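S.K.: predicted model follows, preceded by the sequence.
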Amino acid sequence: MERRDHRTLIVTGARLIDPARKLDGTGHLVARDGEIVACDLGDLPADFAPVEGAEQRNGEGLTLVPGFFDLRAHLREPGYEDRETIATGCAAAAAGGYTDTTAMPNTHPCADTPGAIELVLVRSAEAGRCRVHPVAALTAGMKGESMVEYGDLFDAGAVAFSDDVQWVRDSGLMRHAMESIRTLGVPVISHPEDASLSPNGTMHEGTWSTRLGLVGLPSAAEVSAIARDIELARLTGAPLHVPHVSTRDGVELIRGARAQGLAITCETTPHHVFFTDSDCRDYDTSFKVKPPLRSVADQEALVEALADGTIDAIASDHAPHTGTDKERTFAHAPFGVIGLETAFAAAHERLVRRGPLDLPRLVELMSTAPARILGKPGGSLEPGRSADFALIDPEDTWTPHAGGLRSKGRNCPWLGRALTGRVHTTFLAGRVTFDLETATPAGGAV
Amino acid sequence: MFAQKHLLDLESYTAAQILEILDTAESFRRVLDRPIPKVPVLRAKTITNLFFEPSTRTRISFELAEKRLSADVVNFSASGSSVAKGETLRDTAENILAMKVDMIVMRHPDSGAARYLSERVPASVINAGDGMHEHPTQGLLDMMTMRQKLGSLEGKKVTIVGDIAHSRVARSNVWGLNKLGARVTVCGPPPMMPLDIESLGCTVEYDFGRAIEDADAVNVLRIQLERQENQIFPGNREYARAYRLDDRMLARTKPGCIIMHPGPMNRDVEISSAVADGDRQVILEQVTNGVAVRMAVLYLLSGGVRESLGQDL
């Protein structure tokens, strides 16, 4: 299914970060037939025999990291191809250093049948730029009313079950769904929002919603949903993944549950650590997202939790919309931002340059940890693994602009903002899926 | 020249700009008492009134103000479902661009809609109410009325009672009154009080009696509980029990405290008929001032200069 590069590829001189093996230092990587055959700190082994026709890459000044793995991307196909296709989404992912991404099930029709899962796998294999792991719906039609055939969906290739941004309100149904999924060993991804607490809400409920006269989405809607889901995880023993946690109190609940040994993982997004509710001040719909951009105190708690390990992963929550969709008033524009192409740069800017994380921790949050959460290979540069990696330049400052995006979406809150940290080349099974040198750059140099 | 192009909110206006509007409005207020209450200051200016939400008073008040200034007026009212979804606002802006109007007065159910339009058209935009955000000309006419009755607003206490959370009138009043040095208290039941409203510069008092006892003006907002999409409060009876301004509550105000209401009133819900018709209310004066204040806004935003207004009149 995957197109491998059968040639030998040798990268030397780069800073090598492999969180899975806790490696960080100048090192080398050799790949052949799409697999890593050698990867370690230091120079190539003295007895390394030169290979005829091998592609040599000088990685000096760059950092070699495992390919990023996105836990949450909306690729929109089938049904919403004017917003994104699997091909454009995969191109965007590759430009962001991703070699793996999920595809969320809120397509039309939604991914609640094996056929829908297969379609995503076939289309992404055709596109070839990124490995796509489909997430299946948790309930039929994502309506929260009845269960789907979890085993069939799993067999077809589903890596997790989720009703996307619909929280299953029926706690009894959710309990038995989690019990059913438990034996498959894949996580249930439950968007934490009790929507009855936030009908018509458009932004975080707080000072800024009051000031702007916009209906609020209270933190309590998220926190109370997380509380219920934790109890169901306790009751059922099913692995629970909390996506895009955004509140201080939600993080606190997860921290407590994990301390009790529950199998709960969670992620947050680059936009939730980069922006706050005050960024909605100009009614710019590029900042309308679910969960909403929260307060400064919430953001500080997220950053702290990323540093101390309470938050396992960073997901882009890439959610493309057409310009027409987003060019409505704030109340009526759809929720969502795009982020595959800017995730590393934004997270690096905020969490490493201006925050407490070091680069290896950020790489772990974007590669090793997501792969582990889904029980997939990836996020590792160990010999024998698929040669999925990226060369990044943490010092390269660039400014994303709309014309350079590979995604069809234009709802990117970082447009026009200088970010430091840039993906230079992405390799999937040894093959280049993105190269800054040859591709239309997604942004201009500063 | 007046240093603003649009009137989108009072938040971004300075005290000096607000006072300039109020002073100009007093001049126009005198025009309204003349046998021929019309001046030619906006002759050949085209103004479009865009009302995407049902409105009678505000629309008529603006239209009258425009006609008293001799402007050419085009009205557009729509509150159908597609318009309510906000889908056509961009197209509306394009149409306005093509028709080359000078000023736009817009009411829209979405907060931020006036600003949205102002970023897309070269015309001056006057916000006639955007969602729950602001209703700046109502704030101005309220302040004009208070100034007439109370003199300078510096240090005066104004209490606003009602559904503060959903009220654009309340927000414009809080911003404007603060800039003029008044102390503002907002009052209403907790479900109608938005989070952290104090950050706009007011105090919150849930007890109606305490909220009004040392007020110089009480501004009573319209309560609409029959059409709650998501129920936030039991109903009119529950509201009236604790927050209706009737003779019993009026007795707790100090002498000289004026009673205001932006209209339309729900008699005997938020205000008793006796108080609504009583000698402390200034409600119809607010309506007349509304025309004058809107004339002043239109005049100043169209490039008019207050100092030369004497000759223009």
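M.R.: Now that the structure is in, tell me what you want to look at.
S.K.: quickly find the element holding residue B:184.
M.R.: In the assignment (DSSP states H and E), residue B:184 maps to strand B:183-187.
S.K.: that strand near chain A at all?
M.R.: No - contact of strand B:183-187 with chain A (Cβ under 8 Å from any Cβ of the partner chain) is absent, the minimum separation being 11.0 Å. C-betas here are computed from N, CA, C, even on glycine.
S.K.: what packs against that strand?
M.R.: With contacts taken as 3 or more Cβ pairs under 8 Å, 6 or more residues apart in numbering or on different chains; DSSP states H and E, strand B:183-187 sits against strand B:157-161, helix B:168-179, strand B:203-205, helix B:208-212.
S.K.: in the chain, which spans are helices?
M.R.: By default, I'm working from chain A. Chain-ordered helices for chain A, with DSSP state H as the definition, fall at A:86-95, A:114-127, A:150-156, A:171-182, A:207-212, A:219-236, A:248-259, A:270-274, A:296-308, A:323-326, A:343-347, A:359-363, A:369-373.
S.K.: sorry, I should have been clearer: chain B.
M.R.: Secondary structure of chain B (DSSP H): helices located at B:15-31, B:57-68, B:81-84, B:89-99, B:113-118, B:136-150, B:168-179, B:208-212, B:236-243, B:247-250, B:273-276, B:283-301, B:309-312.
S.K.: just to revisit the earlier point, closest to residue A:308 out of the helices and strands packed on strand B:183-187?
M.R.: For the helices and strands packed on strand B:183-187, distance to residue A:308 was read as Cβ to Cβ. The smallest value, 36.9 Å, belongs to strand B:203-205.
S.K.: give me the buried positions along the closest one.
M.R.: B:204-205 (16 or more other Cβ atoms under 10 Å in any protein chain shown).
S.K.: close to chain A, is it?
M.R.: No - under the criterion of Cβ under 8 Å from any Cβ, chain A is not reached by strand B:203-205; the shortest gap measures 11.4 Å.
S.K.: residues of the stretch 101-250 of chain A that sit close to chain B?
M.R.: Counting by Cβ under 8 Å from any Cβ, the stretch 101-250 of chain A sits next to chain B at A:199-200, A:205-207, A:209-216.
S.K.: please, a PyMOL command that selects the buried ones among these?
M.R.: Restricted to buried positions by 16+ other Cβ under 10 Å, the PyMOL selection for these reads:
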select buried, chain A and resi 205+206+207+209+210+211+212+213+214+215+216
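S.K.: got the residues of the stretch 101-250 of chain A next to chain B as TSV, with pLDDT columns?
M.R.: What follows is those, written out as TSV (pLDDT from 0 to 100):
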residue	pLDDT
A:199	90
A:200	92
A:205	98
A:206	97
A:207	97
A:209	98
A:210	98
A:211	98
A:212	98
A:213	98
A:214	98
A:215	96
A:216	97
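S.K.: list the contacts of the closest residue to residue A:189 other than its chain neighbours.
M.R.: Closest residue in space to residue A:189, ignoring its immediate chain neighbours: residue A:162 at 3.6 Å, by Cβ to Cβ, 6 or more residues apart in numbering or on different chains. For residue A:162, the contacting residues are A:104-105, A:135-138, A:188-191, A:243, by Cβ atoms under 8 Å, 6 or more residues apart in numbering or on different chains.
S.K.: what does the pLDDT read for residue A:162?
M.R.: pLDDT recorded at residue A:162 is 98.
S.K.: all good on my end, thank you.
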